[in-house]
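Asker: Quick one, what's the 3D model for this:
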Amino acid sequence: MSEDTMFDQRRHHSQETNHDRYKRIKAEIERQMGVPEHFNFAEDVIEKWAKQRPDKVASHLLTDGSTESFASYSKLYKEAVLLATGLTNPTQPKCALVILPKIFEWWAVNVAGSWCGMIISPATTLLTANDVAHRISECGVDCVICDFDTACRLNDVTQGIPLRVLVSKSDDQVLSDWTSYDDLIKRAKSIAVEPCLKTKRDDVAQIFFTSGTTGKPKMVPHTQGSYGIGHIAAANAGRVRDNETL
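Answerer: A predicted model of the protein is given here:
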């Protein structure tokens, strides 16, 4: 390549907007990795591992600094499909605001969202009522999924949301007008399993929000394809081997 050609390329790239640069890099990564036109993280990754290596550890969590819990790909896949089935009957939510600590159900909700096409907006349990109100108005939330403590704290601001799902640690953690996560799973076992939605790689799968340090937090979408690519990049960066868990 001549110096003139290299200069022309650098000049062209310097004139790109951030959005144009993102699109160019994204397209190049997808070309290199061969992401197909139709891609679904739940089906093409989680279900694949669940069938090939059902006992392989998918989730290894440490809570309270001492309590360890493990879940296989088979368990994650089965619970996610049941949850997706429960969430879509009778009417599937379009976008769920998920405010959970790092527990197994957090992963089950994320995989279920990909499976049925429900957009997930993950959020920290540190959010205030004002933070939640902003997210509800910005991304059209029609479902919220919380642990018990968070649900109690955000009960008022989430009143207008059609479906509120409560993830409880015990049977005595019950709130009026909240649907039990466990009840959704139980109900799904008695009806036909919801088939995986045939999604495209550019379909929005998740909506993150920026930190909001210089203004109101802004929405940042993850597609079905970019979500899967992100996990590949993280695994490669950490040099995770086939017999290891990230």
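Asker: contacts, neighbours, all on C-alpha from now
Answerer: Fine.
Asker: now the helices: where do they sit in the chain?
Answerer: 3-14, 18-33, 41, 48-52, 73-88, 104-116, 129-139, 148-153, 181-188, 224-237 (DSSP state H).
Asker: What is the fourth one packed up against?
Answerer: Just to be clear, that refers to helix 48-52. helix 73-88 (3 or more Cα pairs under 8 Å, 6 or more residues apart in numbering; DSSP states H and E).
Asker: just to revisit the earlier point, any idea which of the helices of the chain gets closest to residue 167?
Answerer: Evaluated over the helices of the chain, closeness to residue 167 peaks at helix 181-188, with 5.3 Å, by Cα to Cα.
Asker: Show residues contacting the closest one.
Answerer: 79, 82-83, 85-87, 165-168 (Cα atoms under 8 Å, 6 or more residues apart in numbering).
Asker: quick revisit: figure out which of the helices of the chain is closest to residue 213.
Answerer: So among these, helix 129-139 is nearest, using Cα to Cα, at 12.8 Å.
Asker: Now the closest one: average pLDDT?
Answerer: The average pLDDT within helix 129-139 is 94.
Asker: Which other helices and strands does it contact?
Answerer: Against helix 129-139 (3+ Cα pairs under 8 Å, 6+ apart) you get no helix or strand.
Asker: now it, how far from the chain's geometric center?
Answerer: 18 Å (Cα atoms, centre = their mean, to the nearest Å).
Asker: In CSV, list the C-alpha atoms belonging to that helix.
Answerer: Only the C-alpha atoms of helix 129-139 are listed here, as CSV (Å, rounded to 0.1, in the frame of the first residue of the first chain):
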residue,chain,number,x,y,z
ALA,A,129,-37.2,6.1,42.3
ASN,A,130,-36.3,9.1,40.0
ASP,A,131,-33.8,6.9,38.1
VAL,A,132,-36.5,4.2,37.5
ALA,A,133,-39.1,6.8,36.4
HIS,A,134,-36.6,8.1,33.8
ARG,A,135,-36.0,4.6,32.4
ILE,A,136,-39.7,3.7,32.3
SER,A,137,-40.5,6.8,30.3
GLU,A,138,-37.5,6.5,27.9
CYS,A,139,-37.7,2.9,26.8
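Asker: Distance of residue 147 relative to residue 132?
Answerer: 15 Å (Cα to Cα, to the nearest Å).
Asker: Which one's more surrounded, the two?
Answerer: residue 147 (22 against 17; other Cα atoms under 10 Å).
Asker: Next up, the contacts around the more buried one.
Answerer: Residue 147 neighbours (Cα under 8 Å, 6+ apart): 99-101, 166-168.
Asker: Leaving aside the residues adjacent along the chain, what's closest to it?
Answerer: Nearest non-adjacent residue to residue 147, counting by Cα to Cα, 6 or more residues apart in numbering: residue 167, 4.7 Å away.
Asker: who's in contact with the one you found?
Answerer: Residue 167 neighbours (Cα under 8 Å, 6+ apart): 105, 145-148, 180-182.
Asker: can you list the residues you listed in CSV and add pLDDT and distance to residue 195?
Answerer: Formatted as CSV, the contacts of residue 167 follow (pLDDT from 0 to 100; distance: Cα to Cα, whole Å):
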residue, pLDDT, distance to residue 195
105, 96, 20
145, 98, 22
146, 97, 25
147, 97, 27
148, 96, 30
180, 96, 23
181, 97, 20
182, 96, 20
